[in-house]
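# Okay, predicted coordinates and the sequence, questions at the end:
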Amino acid sequence: MSTMELVNYAAWGLSIGLVAWMAYDTYQVETTYDQELLVSSVEGEIEKESFGDEITSTQRGVA
Amino acid sequence: MTLTTAASTAPATAQAGTERLRLSRLLGPMHVWALGVGIVLVGEFMGWNFTVAKGGIFGSLVACWFAGILYSCVAMIDSEVSSTVASAGGQYAQAKHILGPLAAFNVGLFLIFEYSMLEAADAIVIGAIAQKVNPALSATAFVVLTIVALSWLNYRGVHTTLTFNFVITAAAFASIIILFFGAEFWAPTKILKIDELYAVTPEGVDPKAPFGWLGFLAALQFGIWYYLGIEGTCQSAEECRSPGRALPIGTIAGLVTLLIAATITWYVGTGLVDWVTLGSSAYPLYDAALNTGKQWLIVTLGIGTVLSCLASANGCINDSSRAWFSMGRDQFIPRFFGAVHPRYRTPYRSILFLIPIAISFGYTGLLDQVVTFSIISGLLLYGIMPFNMIRFRKMYPMDAIKRGYIHPFHPYTSYVLLLFTAVTFVATYFGYWKNLIAAMLFYIAASIWFVAHRYRMVNRSKLYTMPWPRPKGY
């Protein structure tokens, strides 16, 4: 087996290893955490911190 | 109780109804700069030179300036809107709040395809470089490794990802500066061959403008290579410590960097390589370095080319995943994709989902087709931005909401952007009319699917959560 063939196998091996790492980590997350928590992110958190005190709820837009 | 300020590794099922995950907020202007310039800089190492084939040496310079003005408008508009709509998804979130759901859905798709295709193109180039280094190396193995390794980095956290991007982008930019000095720019006839390469050939061809004004127009479609992707800085809005400060500084500094890099690239490229060779070169800056005859410059530019591809692919993964995540969060696509990793605070499901898509595009090896779809998607995005900006100022006048940055010359920036985008579309139509029509048909079909099917599933009461006052006139 030539050096270049080894490099090719190393590239494939590294790719498979990284995919396996991500798959394992994702499996752990999916089985440990509640689904509603994982998708609980909402837009506008930064704005609420910046402007929340300045705008009353009746002034707020659609929601 | 919320989980919005500190990372946590603890399971949180008990309080799932009240706790909330969000993307980490760790980025500063340096990271924004690295994201924008990192995506774009590869265009200085390859692609821009096709302007020379179409319009000659001066046609390339006109395309460089023309695209520079277009992207100055893009950067200024994006800086204002994104520093206000500080949300992942960037232009997608802007369009949702200002133009409505259908426009937002389309903008989201433009972003995903622009960046996914560009990521695939970068990986294809890295595969090709590996095979050029040694033909026994497998291009496919390096295409896959590039996409997977950078996706892994993105999966692990945005701060490390963009700090890494800063280092390799700065190194790639430095290689252009080194070439500028290495070619002794102050002496245009010593290493550079300006007098020789700019002169009319014995056959009577003037390399400065071989095809006249029509050539200048044709060159515009490739002029955007000098800057394509700088608008990607917006995708980091939700992850900045201070978006009102970081986004304008990072984006405008990025644009200035690219204007400098583009001008140097044009000057050195056209001064070292004859216009015919330059117009068809796969690696024009590397070829320019070859013509200096300096081995250390050749090695430097070779490294710079690889680093620019890695930086671009890395930034594209970051941006496409944020756009996909943002659409998932709004249920424009399944809500499943709007998930945040509880430890790394990244949109991990979106990152994972886009890996096979990028690999499948990269596996085709059709670099020109992949890049053209990316460019067309970008142009469609620029076509929507002027309407977005004008309506934004009408809906939210200056005193209505805080802005991190207020761009000058409004509304003329929007008019100029619209005009320049239209002209670039015409130029693109001349060269790639089939691709343009195919892309339009795809986006029309996707829009019909969205209106007729998907939008019914969107929870409209959760679509707009920005704590803003009512828009003027509503």
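Ah, there it is. Numbers count the residues shown, from 1 in each chain, chains lettered A, B, ... in the order given.
# confidence score at B:Phe222?
Listed pLDDT for B:Phe222 reads 90.
# for the one 3 residues further on, same thing?
In this model, B:Trp225 is scored at 90, pLDDT.
# same thing with the one 3 residues further on?
In this model, B:Leu228 is scored at 91, pLDDT.
# how close does B:Asn318 get to chain A?
Distance, B:Asn318 to chain A, by C-beta to the nearest C-beta, to the nearest Å: 16 Å. In short, each C-beta sits where N, CA and C put it, glycine included.
# Can you give me the neighbour number for that residue?
Using other C-beta atoms under 10 Å in any protein chain shown, B:Asn318 has 31 other residues around it.
# and if you look at B:Phe181?
By the criterion of other C-beta under 10 Å, B:Phe181 has 12 neighbours.
# So it lies in a strand, does it not?
No. Per DSSP: H, G, I helix; E, B strand; the rest coil, B:Phe181 lies outside any strand segment and is helix.
# Next one, pLDDT for it please.
96.
# Could you do B:Glu80 as well?
For B:Glu80, the pLDDT comes out at 92.
# Next: A:Glu45.
69.
# Over to the one 5 residues further on?
For A:Ser50, the model assigns a pLDDT of 54.
# tell me the pLDDT at B:Asn459?
What the model reports for B:Asn459 is a pLDDT of 80.
# can you pull the pLDDT of the residue nearest to it when sequence neighbours are not counted?
Nearest residue to B:Asn459 in three dimensions, chain neighbours excluded: B:Gln331, at 5.9 Å (C-beta to C-beta, 6 or more residues apart in numbering or on different chains). Note for B:Gln331: predicted pLDDT of 93.
# Check the offset of the strand or helix carrying B:Ala288 from the chain's centre.
Using DSSP states H and E, B:Ala288 falls within helix B:284-292. Taking C-alpha atoms, centre = their mean, to the nearest Å, one finds the center of helix B:284-292 at 25 Å from the center of the full chain.
# Give me the angle between the next helix or strand after that helix and helix B:284-292.
Following helix B:284-292 in sequence order, the next helix or strand is helix B:295-329 (DSSP H and E). Here helix B:295-329 runs at an angle of 180 degrees relative to helix B:284-292 (axes from the mean of the first three to the mean of the last three C-alpha atoms, to 10 degrees).
# helices and strands around helix B:295-329, which ones?
The contact analysis (3 or more C-beta pairs under 8 Å, 6 or more residues apart in numbering or on different chains; DSSP states H and E) places helix B:295-329 against helix B:29-40, helix B:42-45, helix B:91-98, helix B:101-133, helix B:139-156, helix B:158-182, helix B:284-292, helix B:348-364.
# So which bits of it are buried?
Across helix B:295-329, burial judged by 16 or more other C-beta atoms under 10 Å in any protein chain shown covers B:297-298, B:300-302, B:304-329.
# now stretch B:185-196
Neighbour count says stretch B:185-196 has B:185, B:191-194 buried, by 16+ other C-beta under 10 Å.
# show me the contacts for the residue nearest to B:Asn459.
With contact taken as C-beta atoms under 8 Å, 6 or more residues apart in numbering or on different chains, B:Gln331 is in contact with B:338, B:457-459, B:462.
# quick check, nearest of those to chain A?
Among the contacts of B:Gln331, B:Gly338 lies closest to chain A (C-beta to the nearest C-beta), at 5.0 Å.
# Got phi/psi on that closest one?
Main-chain torsions, B:Gly338, degrees, to the nearest 10: phi -90, psi 30.
# So which bits of stretch B:68-82 are buried?
Within stretch B:68-82, the residues that qualify as buried are B:68, B:70-82, counting by 16+ other C-beta under 10 Å.
# need these in a markdown table with distance to chain A and secondary structure, can you?
Formatted as a markdown table, the buried residues of stretch B:68-82 follow (distance: C-beta to the nearest C-beta, whole Å; DSSP: H, G, I helix; E, B strand; the rest coil):
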| residue | distance to chain A | secondary structure |
| --- | --- | --- |
| B:Gly68 | 31 | helix |
| B:Leu70 | 29 | helix |
| B:Tyr71 | 26 | helix |
| B:Ser72 | 27 | helix |
| B:Cys73 | 26 | helix |
| B:Val74 | 23 | helix |
| B:Ala75 | 21 | helix |
| B:Met76 | 21 | helix |
| B:Ile77 | 20 | helix |
| B:Asp78 | 17 | helix |
| B:Ser79 | 16 | helix |
| B:Glu80 | 15 | helix |
| B:Val81 | 13 | helix |
| B:Ser82 | 12 | helix |
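# thinking again about what came up before, nearest to chain A, of the helices and strands packed on helix B:295-329?
In terms of C-beta to the nearest C-beta, the element of the helices and strands packed on helix B:295-329 nearest to chain A is helix B:139-156, at 4.0 Å.
# elements contacting that closest one?
Partner elements for helix B:139-156 (3+ C-beta pairs under 8 Å, 6+ apart): helix A:3-32, helix B:101-133, helix B:158-182, helix B:295-329, helix B:348-364.
# Can I get the ones you listed in a markdown table including distance to B:Gly59?
Formatted as a markdown table, the helices and strands packed on helix B:139-156 follow (distance: least, C-beta to C-beta, whole Å):
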| stretch | distance to B:Gly59 |
| --- | --- |
| helix A:3-32 | 40 |
| helix B:101-133 | 24 |
| helix B:158-182 | 21 |
| helix B:295-329 | 24 |
| helix B:348-364 | 30 |
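# Would you check that B:Ala95 makes contact with B:Asn388?
Yes. In this structure B:Ala95 lies within contact range of B:Asn388 using C-beta atoms under 8 Å: 5.9 Å.
# and the contacts of B:Gln331, which two are the farthest apart?
The widest separation within these, taken as C-beta to C-beta, falls between B:Gly338 and B:Met457 and amounts to 13.3 Å.
# Who has more neighbours out of those two?
Between B:Gly338 and B:Met457, B:Gly338 has the larger neighbour count (other C-beta under 10 Å), namely 26 against 11.
# Flag the shaky bits of chain A, pLDDT-wise.
The model of chain A has pLDDT under 70 over residues A:45-63.
# repeat that with 50
For chain A, applying pLDDT under 50 flags the ranges A:51-63.
# quick one on the thing from earlier: just the helices and strands packed on helix B:295-329: most buried one?
Counting by mean count of other C-beta atoms under 10 Å in any protein chain shown, helix B:29-40 has the highest mean neighbour count of the helices and strands packed on helix B:295-329, with a mean of 29.
# and the angle from that helix to helix B:101-133?
Using the same axes, to 10 degrees: helix B:29-40 against helix B:101-133 is 70 degrees.
# so does helix B:29-40 get close to chain A?
No. Helix B:29-40 stays clear of chain A (C-beta under 8 Å from any C-beta of the partner chain), getting no nearer than 14.7 Å.
# Alpha carbons only: can I get that helix in CSV?
Taking Å, rounded to 0.1, in the frame of the first residue of the first chain, the C-alpha atoms of helix B:29-40 are listed here in CSV:
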residue,chain,number,x,y,z
PRO,B,29,-16.5,42.5,15.7
MET,B,30,-13.5,40.3,15.0
HIS,B,31,-15.6,37.3,14.5
VAL,B,32,-18.1,39.1,12.3
TRP,B,33,-15.2,40.3,10.2
ALA,B,34,-13.9,36.7,10.0
LEU,B,35,-17.2,35.4,8.9
GLY,B,36,-17.8,37.9,6.2
VAL,B,37,-14.3,38.2,4.8
GLY,B,38,-13.7,34.4,5.3
ILE,B,39,-16.6,33.5,3.0
VAL,B,40,-15.6,36.0,0.3
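# anything in stretch B:220-234 near chain A?
No. Using C-beta under 8 Å from any C-beta, stretch B:220-234 stays clear of chain A, with a minimum separation of 13.7 Å.
# how far is that stretch from where the chain is centred?
With C-alpha atoms, centre = their mean, you get 6 Å for stretch B:220-234.
# Need the distance between the two termini of that stretch.
By C-alpha to C-alpha, to the nearest Å, the extent of stretch B:220-234 from end to end equals 25 Å.
# Same question for stretch A:27-37.
The first and last residues of stretch A:27-37 sit 16 Å apart, counting by C-alpha to C-alpha.
# Could you give me the buried positions within it?
Judged by neighbour count (16+ other C-beta under 10 Å), stretch A:27-37 contains these buried residues: A:29, A:33-34, A:37.
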